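Q: structure of the sequence below:
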Amino acid sequence: MSRGKRYDDEPKLNIKKVIAVIIAILVVIMFVIGIKELLKPRELVKEKTFITAYYTIYENGKWGVIDTKQNTIIEPTYDEMIIIPDNSKPIFICTINTNYEQGTYETKVLNENKKELYTNYDKVEALYNNDKQNNLWYETGMLKVQKDGKYGVIDLEGKELANPIYDEIKVLPNTKNVVVTVKEGKQGIVNNIGAVSVPNEYKEIVGALNEKYENGFIVKAENDKYGIVSANGSIILQTKYDEIKNVYGNNMYVVKEEGKLKIVDEEKSYLENQFDDIKQINVNNVVAKKNGKYGIVTTLGETKVDYIYDDINYIYKENYIAKKGEKYGIINIEGQEKLPFNYTNIKYEEQGNFIIAQKENMQAELLDNQINKKAEGIVSEVNTQKNYIKIREGEKYKYYNFKLEEKQNTEILTSNTIYLSKKDGKYGYVDNKGIVVVDYIYDDATEQNKYGYAAVKKDGKWGSIDQKGEIIVEPKYTLENNIVIDFIGTYYLAEDINANYYTK
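A: Numbering: from 1, shown residues only. The predicted structure is shown next:
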């Protein structure tokens, strides 16, 4: 029997109605999920493992050691500051049995388990040095040791780099990774891998030729004349000069012989007795001083820039920072003004290939290597490890990479768990999604440091928070004399940042 026309074909779905039903169901599901998310407590900032380092602490007149996880490694019981040559390694030099009247003391070295190290030596000491700005540092890979009245050098693993056969071991100021050895009144150099760079043949190792000791050392012979030896001990200039300046370029050196200042290489001399001083050599161009003013001349004597400036410093390509009166500008090798003399100081950051031109009231301009202005404000940090610049522009802090491109702090500080934020004149912290973690209640604050801590200021007092934004120390410290505000847990960085210890 026929079922009629209505049933002649297979039944068909109404696709539009089906899709509408599915969409309605999905909307209901999404609504339910959304309600659950809203009712669910906000997820806390996830904990992250930060690097561990070690710092000296000072508490109640005594010295100890903590790590950056707030563990006390050595209780503060020592009368003398504990030295940590490399704060990434648990090696702590403690001074004991000090006799101030006789000027004597002993040392012992402990690890994180308080086990004594290097016990086969009578004394172990850190080698501390300083740069031209008088900033102090410790040689991180070498320790001075004493045994039976003689001195040597070991690395932090205890390996002998220089046997204890010397009468003295000294640092070379402003020079890393080498030490001066003294034996029977003669000086030489040992480097940080234990090689004898310069044998003990000289009355004095005056210093490295320039910032890179690989370019050689200025030495003084028994005849009180000066010469230059290479980093492998070979003679570059014989010890026959009255003076050798710390100037080097294009395999040329600035010397004084028989009262005459000149430039020499291994074959001949240039510009003899023509200038009061020679400051820099860049290829064949020389920054020289004449009648109290600086100019630029070639090694063949051609004047490139007249002697009208109070100072000149080569920076890159054909550009020089010049000083006229109390103001700085930039000129090129032709003497053309590339940046007007409107600045209180100008600094070239070689690693980033950019310029910081300082103005009045701490304001500065960031200029690229084409001398184009990219930003302006108060430069508060130039970080050469992570390659960024932090600038305060008005009421806000901004970040730039070394290409002078503006970046968000979340893009620059990728290891952080929380980020400094400002709203309505107050500071707080957000996570990497911009969700507020710490409310905007502080008058001032710092970004999280590399150990996970940040400093916060309220009502003129400083305290600290952890990597989750939770309070460690309620603001209670007045740190008006501290150049840098920094915390490790409950301890803050002391006023003397060169000493590099924490206290509370």
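
Q: residue contacts, Tyr202?
A: The contact partners of Tyr202, by CB atoms under 8 Å, 6 or more residues apart in numbering, come to 186-188, 219-221, 239. For the C-beta atoms, the positions are set from N, CA and C on the backbone; glycine is no exception.

Q: got those as JSON lines, with neighbour count columns?
A: JSON lines is the format used below for these (neighbours: other CB atoms under 10 Å):
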{"residue": "Lys186", "neighbour count": "16"}
{"residue": "Gln187", "neighbour count": "23"}
{"residue": "Gly188", "neighbour count": "23"}
{"residue": "Val219", "neighbour count": "26"}
{"residue": "Lys220", "neighbour count": "17"}
{"residue": "Ala221", "neighbour count": "15"}
{"residue": "Thr239", "neighbour count": "21"}
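
Q: taking these together, which two end up most distant?
A: Farthest-apart pair in those is Gly188 and Thr239; separation 14.3 Å (CB to CB).

Q: which among the contacts of Tyr202 gets closest to Lys398?
A: Using CB to CB, Val219 comes nearest to Lys398 of these, at 48.9 Å.

Q: what sits closest to that closest one if chain neighbours are left out?
A: Tyr202 (4.4 Å; CB to CB, 6 or more residues apart in numbering).

Q: bridged to the one you found, which residues?
A: In this entry, Tyr202 is beta-bridged to Gln187, by DSSP bridges.

Q: the chain should start at 34 in everything you say after this.
A: Done: numbering now begins at 34, and the last item shifts to Tyr235.

Q: can you count the residues close to Lys429?
A: Residues lying near Lys429 (other CB atoms under 10 Å) number 10.

Q: hey, what's it bridged with?
A: Per DSSP bridges, the residues bridged to Lys429 are Glu426.

Q: thought it was touching Ser454?
A: No: contact criterion CB atoms under 8 Å: Lys429 and Ser454 do not qualify, at 9.9 Å.

Q: now the helices for the chain?
A: With DSSP state H as the criterion, the chain has helices at 48-72, 442-445.

Q: lowest average pLDDT across these?
A: Among the helices of the chain, helix 48-72 has the lowest mean pLDDT, at a mean of 47.

Q: per-residue confidence for Ile422?
A: Ile422 is assigned 97 on the pLDDT scale.

Q: excluding its backbone neighbours, what's nearest it?
A: Once flanking residues are discounted, Ile422 sits nearest to Tyr433: 4.7 Å by CB to CB, 6+ apart.

Q: can you pull the buried residues of stretch 187-198?
A: When neighbours are counted by 16 or more other CB atoms under 10 Å, the buried residues of stretch 187-198 are found to be 187, 189, 194-195, 197.

Q: how much space between the closest residue to Thr417 other than its chain neighbours and Lys219?
A: Leaving aside its sequence neighbours, Thr417 sits nearest to Gln384 (CB to CB, 6+ apart; 5.2 Å). Note on Gln384: its distance to Lys219, by CB to CB, to the nearest Å, is 38 Å.

Q: ok, Asn324 - contacts?
A: Contacts of Asn324 (CB under 8 Å, 6+ apart): 309, 340.

Q: against Tyr340, how distant is it?
A: Distance, Asn324 to Tyr340, by CB to CB: 7 Å.

Q: what's the answer for Asn449, then?
A: Using CB to CB, we find Asn449 at a distance of 51 Å from Tyr340.

Q: name the nearest residue to Tyr246, ignoring sequence neighbours.
A: Setting aside the residues directly before and after it, Tyr246 is nearest to Thr208 in space (CB to CB, 6+ apart), at 5.1 Å.

Q: okay, and the helix or strand of the chain with the least pLDDT?
A: Taking mean pLDDT, DSSP states H and E as the measure, the chain has helix 48-72 as its least confident helix or strand, at a mean of 47.

Q: roughly how far apart are the closest residue to Asn514 other than its chain neighbours and Leu399?
A: Excluding its sequence neighbours, the residue lying closest to Asn514 (CB to CB, 6+ apart) is Glu528, at 5.1 Å. Distance, Glu528 to Leu399, using CB to CB: 30 Å.

Q: who's in contact with Pro109?
A: 90-93, 95-97.

Q: can you tell me which of the residues you listed are classed as buried?
A: With burial judged by 16+ other CB under 10 Å, the buried subset of those is 90-92, 96-97.

Q: kindly reformat those as a markdown table containing distance to Leu176.
A: Converted to a markdown table, the buried ones among the contacts of Pro109 look like this (distance: CB to CB, whole Å):
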| residue | distance to Leu176 |
| --- | --- |
| Ile90 | 22 |
| Tyr91 | 23 |
| Glu92 | 26 |
| Trp96 | 19 |
| Gly97 | 21 |
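
Q: so which of those comes closest to Thr82?
A: Nearest to Thr82 among those, counting by CB to CB, is Ile90 at 22.3 Å.

Q: can you get me the start-to-end distance on stretch 439-451?
A: One end of stretch 439-451 to the other measures 20 Å (CA to CA, to the nearest Å).

Q: give the buried residues for that stretch.
A: Neighbour counts over stretch 439-451 (16+ other CB under 10 Å) mark 442, 445-446, 449-451 as buried.

Q: which outside residues touch that stretch?
A: By CB under 8 Å, 6+ apart, the residues outside stretch 439-451 that reach it are 78-81, 83, 408, 419, 421, 430-434, 452-453, 462-465, 470-471, 480-481, 483, 485, 487, 500-502.

Q: got any ranges where the protein has weak pLDDT?
A: Counting by pLDDT under 70, the low-confidence segments of the chain come to 34-77.

Q: quick one, what contacts the residue nearest to Thr417?
A: 417, 420, 435.

Q: from Gly249, how far out is it?
A: Distance, Gln384 to Gly249, using CB to CB: 24 Å.

Q: check Lys357 too.
A: According to CB to CB, Lys357 and Gly249 sit 34 Å apart.

Q: more neighbours, these two?
A: For Lys357 and Gly249, the more surrounded residue by other CB under 10 Å is Gly249, and the numbers stand at 25 against 15.

Q: coming back round to it: in JSON lines: the buried residues of stretch 439-451, plus distance to Asp309.
A: Output for the buried residues of stretch 439-451, formatted as JSON lines (distance: CB to CB, whole Å):
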{"residue": "Asn442", "distance to Asp309": "49"}
{"residue": "Ile445", "distance to Asp309": "46"}
{"residue": "Leu446", "distance to Asp309": "49"}
{"residue": "Asn449", "distance to Asp309": "52"}
{"residue": "Thr450", "distance to Asp309": "57"}
{"residue": "Ile451", "distance to Asp309": "57"}
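
Q: tell me which of those is nearest to Ile516?
A: Nearest to Ile516 among those, with distances taken as CB to CB, is Leu446, at 21.4 Å.

Q: which residue is nearest the middle of the chain?
A: Closest residue to the average C-alpha location of the chain: Thr417 at 6.4 Å, with CA atoms, centre = their mean.
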